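>>> One predicted model, sequence on top.
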Amino acid sequence: MAGSPTARRRRLSIELKKLRETNAFTCAQVGQALDWSGSKVNRMETGNGRVQPSDIDALCRFYDTTDELREFLKSLAREAKTRGWWQVHGAGVPEWFNIYIGLEQDASTFRQYQCELIPGLMQTEAYTGELHRTGAHMSAEDIARAVQVRMERQAMLTRPDSPDAWFVVNEGSLRNVIGDRALMREQLERVLGSAELPSVTLQVLPFDSGTYPATGTFTILGFPAPEDPDLVYRDGITDAVYLEGEHHVREYTKAFDGLRAAALSPQRSAQLIKSVLKEYAS
């Protein structure tokens with residue numbers, strides 16, 4: 001079973017929707033049979049509403065499931081209510097980003113393209129702090145919390161069960177000076193160190209790479225259980241988009257494969273990073 005509350009909530013939603021569709025009912029039909037609204041059933045299946053163990057009992061009686069499945073779903077419902085370690089930081093982590101962190105913690109594969117900035121999982125404290133101070137209407141306390149969460153997230157790359165992480169970064173992210181040149185020297189040294197981790201593959205998409213899939217920054221998360229489908233994550237200034245449909249995942253996977261093909265090899269990428277690092281040192 002997935003470990004974070006967010007992943008458990010997602011798995012519960014998937015299982016409830018699968019049960020309804022297997023029994024060929026609509027949300028409205030289930031709601032009518034249980035004296036609920038159809039929208040309540042829909043909220044349960046989309047993860048937008050709390051699911052109580054008593055709700056699971058009612059649904060499992062209606063669908064005539066096994067006792068084992070009922071207890072499994074009830075355990076998911078109970079554990080989905082727990083708080084993740086990152087949720088204690090309050091306004092330092094927006095609610096829409098809370099969801100992403102919970103999913104990220106349980107990913108077994110991680111594919112990310114960054115077109116402007118260094119990937120968050122490779123950022124130094126100084127780089128992250130500079131990003132949050134620029135244009136963010138956050139208190140100094142909340143900025144400190146946001147930086148702490150990002151630093152703690154980076155542990156996923158060094159834990160024993162770390163995901164297979166593959167990053168493609170545009171050359172512009174290396175040359176876009178955040179803070180000052182000293183800060184960027186420290187940051188690129190961190191990138192080189194992260195790229196040496198056993199679970200990490202890093203490629204740079206150079207300015208002269210020619211034509212490649214035109215996309216903004218995105219992340220594809222894969223999960224160990226076949227019941228948990230891959231998803232695509234894209235964020236903005238005030239919100240995020242989660243794409244779970246097969247079509248979306250397939251097209252973004254094709255785009256990522258195209259970016260990998262156009263990018264430098266990991267070895268040549270390291271050489272380019274080192275050359276940019278020397279420029280910052282001069």
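Here it is on my side, so go on. Residues are numbered from 1 along each chain as shown.

>>> dump the residue contacts of Arg185.
If a contact means C-beta atoms under 8 Å, 6 or more residues apart in numbering, then Arg185 has 277, 280-281 as its contacts. Glycine gets a C-beta too; all of them are placed from N, C-alpha and C.

>>> what are the ranges of the helices in the stretch 51-200 of the chain?
With DSSP state H, counting those that start in this stretch as the criterion, the stretch 51-200 of the chain has helices at 53-63, 67-79, 95-104, 125-133, 140-153, 171-175, 181-195.

>>> Show me just the buried residues among the contacts of Arg185.
With burial judged by 16 or more other C-beta atoms under 10 Å, the buried subset of those is 277, 280.

>>> can I get the contacts of Arg185 in a markdown table with secondary structure and distance to Lys17?
Listed next are the contacts of Arg185 as a markdown table, based on DSSP: H, G, I helix; E, B strand; the rest coil; distance: C-beta to C-beta, whole Å:
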| residue | secondary structure | distance to Lys17 |
| --- | --- | --- |
| Leu277 | helix | 49 |
| Tyr280 | helix | 51 |
| Ala281 | helix | 55 |
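
>>> so which one among the contacts of Arg185 has the lowest pLDDT?
Confidence by pLDDT is poorest for Ala281 among these, given 86.

>>> dump the residue contacts of it.
Arg185.

>>> returning to what we had before: just the contacts of Arg185 now: which is nearest His247?
Set against His247, the nearest of the contacts of Arg185 by C-beta to C-beta is Leu277 (40.3 Å).

>>> so where's the stretch 1-150 of the chain shaky on pLDDT?
Within the stretch 1-150 of the chain, the ranges that satisfy pLDDT under 70 run 1-5, 80-96, 98, 135-136.

>>> how about Leu192, what does it touch?
By C-beta under 8 Å, 6+ apart, the neighbours of Leu192 are 270, 273-274, 277.

>>> for the nearest residue to Met138 once chain neighbours are set aside, what are its contacts?
Using C-beta to C-beta, 6 or more residues apart in numbering and skipping the chain neighbours, the partner closest in space to Met138 is His132 (6.4 Å). His132 makes contacts with 138, 143, 146-147, as judged by C-beta under 8 Å, 6+ apart.

>>> Mark which of the contacts of Leu192 are buried, thanks.
Judged by 16+ other C-beta under 10 Å, buried ones among the contacts of Leu192: 270, 273, 277.

>>> Now render the contacts of Arg185 as CSV, adding distance to Gln187.
Below are the contacts of Arg185 laid out as CSV (distance: C-beta to C-beta, whole Å):
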residue, distance to Gln187
Leu277, 9
Tyr280, 9
Ala281, 13
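
>>> Let me know the closest of the contacts of Arg185 to Ile101.
Using C-beta to C-beta, these come closest to Ile101 at Leu277, 29.9 Å.

>>> Is it correct that that closest one is in contact with Gln187?
No: Leu277 is beyond contact range of Gln187, at 9.4 Å (criterion: C-beta atoms under 8 Å).

>>> just to revisit the earlier point, quick check, nearest of the contacts of His132 to His248?
Ala146 (28.1 Å).

>>> How many residues are close by that closest one?
Here the number of neighbours of Ala146 (other C-beta atoms under 10 Å) works out to 22.
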